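Colleague: Any chance you could fold what I've pasted below:
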Amino acid sequence: MDKQYLTNNGIVVTPSRKFHEHSQVTDSLLKVAISSESNVIEDAYKKGEKVAITHSFPMIVGVTHCVPCPPHTPGVYFKRRGDRPYLSRMVKGKPIDTNQLTFVLYPQTDRMTLITAWVGGQSCPEVGNINRFEDEENPVEKLKESVDFWMNHALVEE
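Modeller: Just a heads-up that it's a prediction; the model follows:
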């Protein structure tokens, strides 16, 4: 991919070939967020660490489909989305306005690679996406965090 961004101190950020960009994410939002979060990105690069960053803008930048939804909320159902081999926790309703953009970066030898970006706050991998926990230092703890998150949130289907 030819697109690239730069942090304030010149660390190159490039989208991966499999970059998963949600529809509300624009190039201009990414540029502002990457520039504004340069210190965090540069620190992760120096440490060779993956980093998930949520940048808050001074205005609404879109809507999030991940909404608070505690256990026993009426109308919760489970649905297979796209080609995912697992079910997602869903609820009918309206997405919520947000001023946040979240993006995930992995370090490479000479750059940071942008893996995914979405409008909204940080979330955990969905519980059914079990292979996501394999590379964690403590997979069972990360799975517990994911269960707690997804038992208190759902994805809105309009």
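Colleague: Beyond the lowest-mean-pLDDT helix or strand in the chain, next helix or strand please.
Modeller: Of all helical and strand segments in the chain, the minimum by mean pLDDT, DSSP states H and E falls on strand 12-21, at a mean of 87. Sequence order places helix 27-36 as the next helix or strand after strand 12-21, per DSSP states H and E.
Colleague: helices or strands next to that next one in the packing?
Modeller: In terms of contacts (3 or more CB pairs under 8 Å, 6 or more residues apart in numbering; DSSP states H and E), helix 27-36 is packed against strand 5-6, strand 51-56, strand 100-107, strand 112-119. All C-beta spots, glycine's among them, are computed from the backbone N, C-alpha and C.
Colleague: show me where pLDDT drops low in the chain?
Modeller: Applying pLDDT under 70 to the chain flags the ranges 1-2.
Colleague: Give the burial count for the residue nearest to Phe19 when sequence neighbours are not counted, as a bare number.
Modeller: Among residues not flanking Phe19 along the chain, Leu114 sits closest, at 5.9 Å (CB to CB, 6 or more residues apart in numbering). Residues lying near Leu114 (other CB atoms under 10 Å) number 23.
Colleague: pretty sure Leu114 contacts Leu105?
Modeller: Yes - using CB atoms under 8 Å, Leu114 is in contact with Leu105, at 5.7 Å.
Colleague: Now for the two: what residues contact both?
Modeller: Val13 (CB atoms under 8 Å, 6 or more residues apart in numbering).
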